[in-house]
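What follows is a protein structure lacking sequence information:
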């Protein structure tokens, strides 16, 4: 508790910017809102700097660079195609206007083969990345960091493709990150991951509810 208090008091502007924009990203993604990608771009830019230069989490730093690129891909993917129903005021960021989603990107459940690919690919890719970094770079929590990095990359594609179960994978990934950040002394970021777990649970429940509705699609935008 003393460590968390110290970090709360000593957290820099960049720390808070990364944390708050990351939480906004997850919350808006859970609400199926296109504005999530803007906050993702801001958060990942700051978080990459922190991971590389503050906490020596090389794999996580590279992951943030990937996230920054994927924020643009996600926004493009969620806003192209044929116009759909405009967003309600409850689904927009205060002070902004909504642009209708332009693609019928229905929420879908994953197939058995997709689960096999995610689990098998995540483990094999993570072990390979961990072996590479353990022999070439000095990094903290090398193998757990590498495995969660690969799983996060794959799960990001699931989020962009609007697979319902992406939220279940995020729950597990964020739980591992709680341990990684806690073990490296980044207690504040570990706490943020705990919050992310709660929002991932909400995201899964909300997306499952949206999936049951006819013509489910992204309905809000930048």
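Received, thanks. Since the model is a prediction, treat every value here as computed from it, not as a measurement.

before we move on, what SS does residue 197 have?
Secondary structure assignment for residue 197 (DSSP: H, G, I helix; E, B strand; the rest coil): helix.

typed the wrong thing, it's residue 174
Three-state assignment for residue 174 (three-state DSSP): helix.

What is the neighbour count of it?
Close neighbours of residue 174, defined as other Cβ atoms under 10 Å, add up to 22. No exception for glycine: its C-beta is placed from N, CA and C like everyone else's.

Show me where this protein dips below the pLDDT cut-off.
By pLDDT under 70, the low-scoring segments of the chain are 1-4, 6-11, 59, 81-105, 136-141, 214-222.

Strands along that one, start to end?
Taking DSSP state E as the criterion, the chain carries no strands.

mind listing the helices for it?
Under the criterion DSSP state H, the chain contains helices at 2-10, 13-30, 36-53, 58-78, 112-136, 142-160, 166-183, 187-211.

Could you export those helices to a markdown table, including columns for distance to residue 106?
Supplementary listing: the helices of the chain in a markdown table, determined by distance: least, Cβ to Cβ, whole Å:
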| stretch | distance to residue 106 |
| --- | --- |
| helix 2-10 | 41 |
| helix 13-30 | 16 |
| helix 36-53 | 18 |
| helix 58-78 | 12 |
| helix 112-136 | 15 |
| helix 142-160 | 14 |
| helix 166-183 | 14 |
| helix 187-211 | 8 |
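
which ones are touching the nearest residue to residue 19 once chain neighbours are set aside?
Computed as Cβ to Cβ, 6 or more residues apart in numbering, the closest residue to residue 19 that is not its neighbour in sequence is residue 192, at 5.2 Å. When contacts are counted by Cβ atoms under 8 Å, 6 or more residues apart in numbering, residue 192 touches 19, 22, 23.

Now the last one: closest residue in space, sequence neighbours ignored.
Taking Cβ to Cβ, 6+ apart, and ignoring the residues beside it in sequence, residue 23 has residue 195 as its nearest neighbour in space, at 6.3 Å.

is it true that the one you found touches residue 20?
No. With contacts counted by Cβ atoms under 8 Å, residue 195 stays clear of residue 20, the gap being 10.9 Å.

from the contacts of residue 192, which is closest to residue 161?
The closest of the contacts of residue 192 to residue 161 turns out to be residue 22 (Cβ to Cβ; 21.1 Å).

Tell me the spatial nearest neighbour of that closest one, not counting adjacent residues.
Ranked by Cβ to Cβ, 6+ apart and with sequence neighbours excluded, the top spatial neighbour of residue 22 is residue 43, at 4.0 Å.

same deal with residue 197?
Residue 197 sits nearest to residue 174 (Cβ to Cβ, 6+ apart), 4.8 Å away.

And that neighbour, how far from residue 152?
Applying Cβ to Cβ, to the nearest Å, the value for residue 174 to residue 152 is 9 Å.

Also residue 142?
Separation of residue 142 from residue 152 (Cβ to Cβ) stands at 16 Å.

cool, and residue 42?
Look at residue 42 and residue 152: by Cβ to Cβ, they are 18 Å apart.

more neighbours, the two?
More crowded of residue 42 and residue 152, by other Cβ under 10 Å: residue 152, with 23 against 18.

Contacts only, for that one.
Remark: with contacts taken as Cβ under 8 Å, 6+ apart, residue 152 is in contact with 63, 173.

my read: the residue nearest to residue 197 touches residue 196, true?
Yes. The pair residue 174 / residue 196 is scored as a contact, 4.7 Å apart, by Cβ under 8 Å.

Thanks a lot, catch you later.
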